[in-house]
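>>> Any chance you can model this:
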Amino acid sequence: MNAKEEQDILIKIFEIDQSRISNIDSTKFIIKGWSVTIATAICGFVLQDKDERVIFLVIGIVTTVFLSILDCIYRYTQLLHVNRAIGIENYLQQYLPLELEKQQTNKPENSATQRQSNLYRGILLANYAGLGRKSIRNYKTIILFHGAIIILLLGGLIAICNR
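Numbering: from 1, shown residues only. Down below sits the predicted model:
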């Protein structure tokens, strides 16, 4: 396999990783939405049913813990894709000066060549600015988001048990 074929394969893997990173973001948003929905429903049941309040709150806490673990698993999977994409980006940067020089001297022959040149330029210029390497590795948002819901439900549980 020559260097050009290797670059093309790596670029394709890079594009796939970018798509997966974006899809995982969507899934994580859905998980957070379910956490809020379940916590809200549990609070509604607690206000309506006076006999089974403790059971509903315990179910809400367990469900929120489960969803937070699921959110962490998705974050970890996303990190794997980000790290691989960063590795591909770092590897391809050795070819960027040559590719950009070719682009300046020769006009691209077709749309595939143009797309590849744009990807090289995007790798060089973007450096994951929109993704935020530091923020993607940060699990604090998961802990704060789901922790707040758990604290709310625990507060309700404590209030009911103290009556």
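>>> what about Gly155, helix or strand, and which?
helix 140-161 (DSSP states H and E).
>>> One more: Glu6?
Using DSSP H and E, Glu6 sits within helix 3-48.
>>> Next, the angle from that helix to helix 140-161.
10 degrees (axes from the mean of the first three to the mean of the last three CA atoms, to 10 degrees).
>>> For the helix or strand hosting Arg84, list every residue counted as buried.
Taking DSSP H and E as the criterion, Arg84 maps to helix 53-92. For helix 53-92, the neighbour count (16 or more other CB atoms under 10 Å) marks 53, 56-57, 60-61, 63-64, 67-68, 70-71, 74-75, 78-79, 81-82, 84-86, 88-89, 92 as buried. The C-beta positions use only the backbone N, C-alpha and C, and glycine is treated the same way.
>>> thinking again about what came up before, would you indicate which residues of the helix holding Gly155 are buried?
Ile142, Phe145, His146, Ile149, Ile150, Leu152, Leu153, Gly156, Leu157.
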